[in-house]
Each structure stands twice: as structure tokens, then as C-alpha cells.
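Student: Let me see the structure of the following:
(one chain, ligands or ions: 1)
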Amino acid sequence: MHDAGWHRVVLKLSGEAFAGGDEFGIDGETVAGIAESVAAAVAEGNEVAVVVGGGNIVRGAALSGAGMERGRADYMGMLGTVINCLALQDFLENLGIDTRVQTSIHMSQVAEPYVPRRAIRHLEKGRVVIFGAGLGAPFFSTDTTAAQRALEIGARAVLKATQVDGVYDSDPRRNASAVKFDRLNYNEVLTRGLQVMDATAVSLCMDNHLPIVVFDLMGTGNIVRAVRGEKIGTLVST
Ligand code: UDP
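Tutor: Down below sits the predicted model:
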């Protein structure tokens, strides 16, 4: 059974989700819908921090594959995540939710610097804190950022919103007989190479006993259910 009520969570949203059905860019309606769900979870008294990816803008590894220096390409990727953060911030503020964007790369006109104690204070005041620019370091992912931020701000779980409704033993979009897991432990994820989060992120969660919930972002009410700690998707824990 899932723990009841995580209370403070880090919600990981991929950049892909922001593009709606498209491959690139930001689909306003989609982000508005995500903002509504986050607002509903906050309205229930939960503290929600969000880590936003940037795959809809720039993927560092892809650019480096095309010949760019990896570090520079990754910094471009990190900057891309901030574009998504500002979009989410705007749609949340439209709903009357107070927000703060905190970035690991300083850009004082658009965001606060990442200050963990300040982030906690914002959450306690009912604000949504949106973490941008990943960890501020190349060769990491926003999944790893979500795990690290969750640990540092004392979140009780990482909620990884995806396009499928949990973790399967093979890709359910290609294999009709793929089997979904309700629960997994970290070792099973790592040894079987299951698509949960990258290995760095999973290891960090494993070492610190931080639960991961993988669930379908688009299902109605799913964000609220995941934040409540209801049984949804796949729970990865000790
Ligand atoms: N990135 C990075 N360090 C980080 C987080 C992200 O270098 O700590 C870069 C990396 O190039 C990555 C891009 O930012 O490809 C976008 O992040 P990610 O791929 O995690 O986004 P998502 O897949 O969730 O949309």
C-alpha cells in the first residue's frame, strides 16, 4: 500500500509533457491543465515543489551527438527548462496560486536563486516552488534534480509524471502483453533496466530511501491522487 498523504512532494514534469501532442515547444492548454491539477493539490493543504524538464526545448545529449561540446549543450538544456518553468508559473499565478521559480543558474530578472531553506519557507506558506535549470551542472538530468531537491527540502516522495500509467516490464506502447508493476524496489529497477528514471536518480533515491511514484500525468485527477498518496501507477521504494 502507498503511504497515506505525502504532504510535501516534488513533482517531476518532463518537458515533453509541456509540448502537448507536439514534439517541441509549449502548448498553453496543456500547461494550463497541469497548473489546474497542481493548484487542486495545493488547495488540499499539500506542499508541492515542481522540477521541470526541458526535452521539448533542447536535449543536451542530442546536440552533443550532433557535434556540440556536451557541457555547452547541457547548459542549453538547462536554460530550456527555465522557459518551461516560467510558463508553468504564469498559468499557476493565473489561478491565484503564489509561486516562486528558483534556478540553479542565476538569472535574477526572472527567478530567485536556489536557496533550499527559502524554498521550504515558500512551501510552508502555500506557495508552489518551481525548480529550474536542473542541478546547474552538465551530465545530470532533471530526474536526478528532482531526487536531489526532494532530499534537500525534506519532501517525502518524488512523483514522476509520465505518459504511461506506471512501470511495465516492456514498452506497453509496443507490446500488448506488457505487464505493469504495482510496486518495485530500487534494485529491481536498476538490474532490469526499467524505465523509471535514469540510474543516477534511482541510486540517489535508493541510498536515501526516497519513494518514487511513477504515474500517468494526463489521467483526470491523477496529480491530486498521487500527491494524496493514493494507490496509483507504480511505487518504487525500499
Ligand atoms: N540538464 C543538465 N543538468 C541537469 C539537468 C538537465 O545538463 O542537472 C540538461 C540536459 O542537457 C538535458 C536537458 O537539460 O538533456 C533537459 O533536461 P531533461 O532531459 O532531464 O528533461 P526532460 O527529459 O525531463 O524533459
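
Student: What pLDDT is listed against the nearest residue to L184 once chain neighbours are set aside?
Tutor: Distance criterion CB to CB, 6 or more residues apart in numbering; nearest residue to L184, sequence neighbours excluded, is V236 at 4.9 Å. C-beta coordinates here come from the backbone N, C-alpha and C atoms, glycine included. pLDDT, V236: 98.

Student: Run a quick check on V236 versus S203, I expect a contact.
Tutor: No: if you go by CB atoms under 8 Å, V236 and S203 don't touch, sitting 11.9 Å apart.

Student: if you count what's nearby, which of those two comes out ahead?
Tutor: V236 (27 against 16; other CB atoms under 10 Å).

Student: helix or strand for that one, which one?
Tutor: Under the criterion of DSSP states H and E, V236 resides in strand 234-237.

Student: How much space separates the residue nearest to G20 when sequence neighbours are not counted from A87?
Tutor: Closest residue to G20 apart from its sequence neighbours, by CB to CB, 6+ apart: D27 at 3.0 Å. Applying CB to CB, to the nearest Å, the value for D27 to A87 is 10 Å.

Student: For the helix or strand bottoming out on mean pLDDT in the chain, give me every contacting residue.
Tutor: None of the helices or strands of the chain scores lower by mean pLDDT, DSSP states H and E than helix 60-65, at a mean of 88. Helix 60-65 is contacted by residues 70, 73-77, 138 when judged by CB atoms under 8 Å, 6 or more residues apart in numbering.

Student: Could you grab the helix/strand/coil label for I83?
Tutor: Reduced to three states with DSSP: H, G, I helix; E, B strand; the rest coil, the structure at I83 is helix.

Student: Not counting sequence-adjacent ones, nearest residue to it?
Tutor: I57 (5.6 Å).

Student: Tell me how far that neighbour lies from the ligand.
Tutor: As judged by CB to the nearest ligand atom, to the nearest Å, I57 and the ligand stand 8 Å apart.

Student: again with N46
Tutor: 22 Å.

Student: Helices of this protein, residue ranges please.
Tutor: 15-18, 28-43, 60-65, 70-94, 116-124, 142-153, 186-192, 199-207, 222-228 (DSSP state H).
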